[in-house]
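Student: what follows is a predicted protein model with its sequence.
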Amino acid sequence: MAEAARDNLQPNRPLLCKQAGGNRTLDFSVAAVLPAGGSGERMGSATPKQFCQLLQRPLISITLERFERVHWIKEIVVVVSKQNFELMSSIIEHYGHSRAIVVEGALTRHQSIFNGLKAFVVNQSPSSWLEKPEVVIIHDAVRPFVEEDILFRVATAAKEYGAAGAIRPLVSTVVATNAEGYLDHSLERAKYRASEMPQAFTFDIIYRAYQQCTDYDFEYGTECLHLTLKYCGTSAKLIDGPPDLWKVTYKRDLYAAESLIKESLSKSVCIFTGMQKEAVQLGCLLQEALQLMMEVDVLTWSLNKESQCIQAISSGLYYNFIYININNFDLPLEIVQLMELIENAKLSALYPVVVTVVHLNNLETASSCIRMEDFTNIKELAKEAHQKNVLLYRLLINYTQVCEAAQ
Ligand SMILES: Nc1ccn([C@@H]2O[C@H](COP(=O)(O)OP(=O)(O)OP(=O)(O)O)[C@@H](O)[C@H]2O)c(=O)n1
Ligand SMILES: O=P(O)(O)OC[C@@H](O)[C@@H](O)[C@@H](O)CO
């Protein structure tokens, strides 16, 4: 069982495809523009919604982190109003958003987006300009639940068709009213879709469209795809997107977003084990027991240079870790290393991290039955960790036959 179990100690899906940026590549350059220059009036908050906190983290930082998981997106231009420039720069510094460049927004969303695009055009941006990408993704900064898959699909479609955008089925029927406020007609809902974000464009097409925009377009327009059709004759490829592309607009959306994040954080766990037979077996048993409820990866602890353990910790995809330890009740070096890696990855700066150390104590081989009070040194580590938003728990399992029973 141990050998077979050890063979199973591979992630139940290739970690790399979950890894920051996955293992997809593109043969053309891609950059992103995140309009974040609005005031969030409909949110009714003094703080513009893109800067409102979700689990003590600004909404815009969550969106940025999603884009930073995608390695084929080079620069990420964030367009914010002048009065929020400093705040945005501090968020970039605090959360280490190294690919983010801040550009000044304008009075309307379209104007802000155009300002973001100008950052890629020489002599059009007050600050230094960036290398023009072949494809540019435009995504509202207040749509945090964006995954690499939809970004990849709109970017590749934009490269082929010139423009592409994510769509979703309508939830409510669209109706037109007459001047007196009565129903004029309703649209057949099945024939229409909601235009969401992300959208993507070959850079020259969307830039040329904005250059031709009228004041009315800038003032009242809400749809980039309309601009490329109207001014460049480019009809966007529409891509069916996943359900979580919605835009945070009202207060209720903030509550919904926070509960979605909490749920996703609790939905994945990474289990590390030593090479001992019992640890491997318990790791596999845990994976079998948990994998119907959450994403579970089991890895043998190793810190060699291509270590998947280090990748798993630094990927930002796990906030729950279990380390299974056999008969070693001092503070095992691996636990200290794990806590250091979590700190170096700045994981807990984003959300609380939970580390559970499972001590397996084989009563047949151990000198005596270990008691919880014997864990003084790990208590000290737990106190330090708590200051850094890392919750360290320990679980002691005294056993005799559990491994044989498991076989
Ligand atoms: N002048 C503007 C207006 C909006 N946006 C951005 O465009 C995205 C979508 O716009 P919307 O949801 O309308 O945001 P607000 O305009 O802030 O919201 P409201 O209409 O409720 O004021 C948001 O990320 C918003 O910050 C922008 O960059 N510049
Ligand atoms: O109109 P708002 O400023 O609320 O939001 C912009 C949305 O219209 C836009 O993000 C999508 O509909 C796709 O264009």
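Tutor: Great, that's in hand. Ligands and ions are numbered 1, 2, ... in the order given.

Student: show me the strands in the stretch 201-350 of the chain, by range?
Tutor: Along the stretch 201-350 of the chain, counting by DSSP state E, counting those that start in this stretch, strands occupy 237-240, 268-273, 295-300, 320-326.

Student: output these in TSV, with distance to ligand 1 appended to each entry.
Tutor: (Glycine included, C-beta is placed from N, CA and C.) Shown next, in TSV, are the strands of the stretch 201-350 of the chain (distance: least, Cβ to the nearest ligand atom, whole Å):
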stretch	distance to ligand 1
strand 237-240	19
strand 268-273	28
strand 295-300	29
strand 320-326	31
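
Student: reformat these as JSON lines; add mean neighbour count.
Tutor: Shown next, in JSON lines, are those (neighbours: other Cβ atoms under 10 Å):
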{"stretch": "strand 237-240", "mean neighbour count": "16"}
{"stretch": "strand 268-273", "mean neighbour count": "24"}
{"stretch": "strand 295-300", "mean neighbour count": "21"}
{"stretch": "strand 320-326", "mean neighbour count": "22"}
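
Student: turn the ones you listed into JSON lines, including mean pLDDT.
Tutor: Formatted as JSON lines, those follow (pLDDT from 0 to 100):
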{"stretch": "strand 237-240", "mean pLDDT": "98"}
{"stretch": "strand 268-273", "mean pLDDT": "93"}
{"stretch": "strand 295-300", "mean pLDDT": "90"}
{"stretch": "strand 320-326", "mean pLDDT": "91"}
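
Student: tabulate those (a markdown table), appending distance to Q83.
Tutor: A markdown table is the format used below for these (distance: least, Cβ to Cβ, whole Å):
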| stretch | distance to Q83 |
| --- | --- |
| strand 237-240 | 35 |
| strand 268-273 | 38 |
| strand 295-300 | 41 |
| strand 320-326 | 39 |
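
Student: what residues does the stretch 151-300 of the chain have near ligand 2?
Tutor: Residues of the stretch 151-300 of the chain found near ligand 2 (Cβ under 6 Å from any ligand atom) are 195-197, 222-224, 247.

Student: any regions of the stretch 101-250 of the chain where pLDDT drops low?
Tutor: By pLDDT under 70, the low-scoring segments of the stretch 101-250 of the chain are 125-128.

Student: quick one, helices of it?
Tutor: 109-118, 148-161, 203-212, 215-220, 224-232 (DSSP state H, counting those that start in this stretch).

Student: deepest of the ones you listed, which one?
Tutor: Highest mean neighbour count of these: helix 109-118, a mean of 23 (counted as mean count of other Cβ atoms under 10 Å).

Student: can you show me the CA trace of it as CSV?
Tutor: The C-alpha coordinates for helix 109-118 follow below in CSV (Å, rounded to 0.1, in the frame of the first residue of the first chain):
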residue,chain,number,x,y,z
ARG,A,109,-15.6,54.8,-18.6
HIS,A,110,-14.9,55.0,-22.3
GLN,A,111,-12.6,58.0,-21.7
SER,A,112,-10.8,56.1,-19.0
ILE,A,113,-10.3,53.1,-21.2
PHE,A,114,-9.0,55.3,-24.0
ASN,A,115,-6.5,56.8,-21.6
GLY,A,116,-5.4,53.3,-20.7
LEU,A,117,-4.9,52.4,-24.3
LYS,A,118,-2.9,55.6,-24.9
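
Student: can you list contacts of that helix?
Tutor: If you take Cβ atoms under 8 Å, 6 or more residues apart in numbering as the criterion, helix 109-118 is touched by 33-38, 77, 79, 103-106, 124-125, 136, 138, 203, 206-207, 210, 213, 217-218, 221-222, 224, 227.

Student: tally up the residues packed near whichever residue of the stretch 1-150 of the chain sits closest to ligand 1, please.
Tutor: Closest residue of the stretch 1-150 of the chain to ligand 1, Cβ to the nearest ligand atom: G38 (2.0 Å). By other Cβ atoms under 10 Å, 22 other residues sit near G38.

Student: and the residue nearest to K247 when sequence neighbours are not counted, how many neighbours?
Tutor: In space, and not counting its chain neighbours, K247 is closest to R143: 5.1 Å by Cβ to Cβ, 6 or more residues apart in numbering. Other residues within reach of R143, judged by other Cβ under 10 Å, total 22.

Student: what do you get for K305?
Tutor: Around K305 there are 5 residues (other Cβ under 10 Å).

Student: OK, contacts around it?
Tutor: Per Cβ under 8 Å, 6+ apart, neighbours of K305: none.

Student: so T356 is in contact with Y393, correct?
Tutor: Yes - T356 is in contact with Y393 according to Cβ atoms under 8 Å; the separation is 4.7 Å.

Student: higher neighbour count, these two?
Tutor: T356 (16 against 12).

Student: show me which residues of the helix or strand harbouring H94 are buried.
Tutor: Under the criterion of DSSP states H and E, H94 resides in helix 85-95. Of all the residues in helix 85-95, those buried under the rule 16 or more other Cβ atoms under 10 Å are 87-88, 91-92, 95.

Student: tell me the spacing between the closest residue to L87 other than its chain neighbours and K82.
Tutor: Spatial nearest neighbour of L87, chain neighbours left out: F51 (6.2 Å); criterion: Cβ to Cβ, 6+ apart. Distance, F51 to K82, by Cβ to Cβ, to the nearest Å: 14 Å.

Student: and those two? Which one has more around it.
Tutor: Neighbours were counted for F51 and for K82 using other Cβ under 10 Å; F51 has more, 19 against 10.
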